[in-house]
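S.K.: quick one, fold the following:
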Amino acid sequence: MKCADLSLKWVKLCKRPKNFNVTTARLCTLHFEPDDYERDLKNELMGFENKFKRSLKYTALPSLRLPNNTLQSSRKMEMDNARKNRLEIRARKKLVQDLIENSLVVMDENNNDQLNVEINSSSTSTSNERRSIGTLTENNDNNEEVIKKLQAKVTDLEDKMKSINKIFTPKQLSKLCEPHKRITWSVDEISKAIVIHSSEPRAYRLLLKNGYPFPAVSTLTRESQEVLIANRDVLYTVGKVLGNIVCL
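M.R.: Sure, this is the predicted structure:
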């Protein structure tokens, strides 16, 4: 029963209620958090990173880059991944330091030869581990730089979105992102489009042809009566506009 419940959650998260065979379907690794995978302690202790063979935890669920994610969720995901990467590097560094601290073994003081062998071996191991620490520290610095660049990109995107939101309505933005999607325009949007169309029909059609998010001319004709009822205070203007549409 637990397996069936987990499969149902996968189907819902993937937005694929139809033609989705959970026994044969595959998902890209980009949809999972690093914590969703089983840890390979053996390779971690040896300082290796196994990128080609990773096993998902039994309870893992896809959570990244799912259908219908917003721009804000994408930015948050980038920041979370960078932060988790930095925490993972710090954890590895601490693990190496713990290994160094626990690598000294109490030896028999009377066995000088054996003691010298152990000391030399420990020194070699310590040197290797220090080199590993240096590499991890360098990687950590690089990740800090990546985070700064990501933060700058996020700020730039937020500024651009503020400017775009001042120009386009939410439905116009939806039309820009999905040109073939059917949009249900509001009365206010239809009214403004009719006024623009009445001013210069050819320019209006040219803007539509070039992908500008305006209602189609056929939509203006079909919705004109509703606009008349909702905007009685501009009845004269809309009536004049309708005359222009009929003459096209």
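
S.K.: show me what contacts Leu30?
M.R.: Leu30 makes contact with 64-65 under the criterion CB atoms under 8 Å, 6 or more residues apart in numbering. Just so you know, the C-beta spots here come from the backbone N, C-alpha and C atoms, and that holds for glycine as well.

S.K.: make sure it is indeed in a strand.
M.R.: No - according to DSSP: H, G, I helix; E, B strand; the rest coil, Leu30 belongs to no strand; its state is helix.

S.K.: so after the biggest helix by length in the chain, what's the next helix or strand?
M.R.: The helix of greatest length in the chain, counted in residues with DSSP state H as the criterion, is given as helix 112-167. Of the helices and strands lying after helix 112-167 in sequence (DSSP states H and E), the nearest is helix 170-177.

S.K.: can you give the distance from that next one to the centre of its chain?
M.R.: Between the mean C-alpha location of helix 170-177 and the chain-wide mean there is a distance of 19 Å, by CA atoms, centre = their mean, to the nearest Å.

S.K.: just the CA trace of that helix, in PDB.
M.R.: Output for helix 170-177, consisting of C-alpha atoms alone and laid out as PDB, is shown next (Å, rounded to 0.1, in the frame of the first residue of the first chain):
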ATOM      1  CA  PRO A 170      -0.800  39.000 -16.200                       C
ATOM      2  CA  LYS A 171      -2.800  37.600 -19.100                       C
ATOM      3  CA  GLN A 172      -0.600  39.400 -21.700                       C
ATOM      4  CA  LEU A 173       2.400  37.800 -20.000                       C
ATOM      5  CA  SER A 174       0.800  34.400 -20.200                       C
ATOM      6  CA  LYS A 175       0.200  35.000 -23.900                       C
ATOM      7  CA  LEU A 176       3.800  35.900 -24.400                       C
ATOM      8  CA  CYS A 177       5.000  32.800 -22.700                       C
END
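
S.K.: so it versus helix 112-167, what angle?
M.R.: Going by axes from the mean of the first three to the mean of the last three CA atoms, to 10 degrees, helix 170-177 is angled at 120 degrees with respect to helix 112-167.

S.K.: contacts for helix 170-177 next, please.
M.R.: With contact meaning CB under 8 Å, 6+ apart, helix 170-177 is reached by 164-165, 168, 181, 183-186, 189, 211, 213.

S.K.: between these, which has the most around it?
M.R.: In terms of neighbours by other CB atoms under 10 Å, the contacts of helix 170-177 top out with Trp185 at 21 neighbours.

S.K.: can you tell me the SS state at the nearest residue to that residue once chain neighbours are set aside?
M.R.: Once flanking residues are discounted, Trp185 sits nearest to Pro215: 4.9 Å by CB to CB, 6 or more residues apart in numbering. Three-state assignment for Pro215 (three-state DSSP): coil.

S.K.: now Pro215: phi and psi?
M.R.: Dihedral angles phi and psi of Pro215 (degrees, to the nearest 10) take the values phi -60, psi 150.

S.K.: per-residue confidence for it?
M.R.: Listed pLDDT for Pro215 reads 91.
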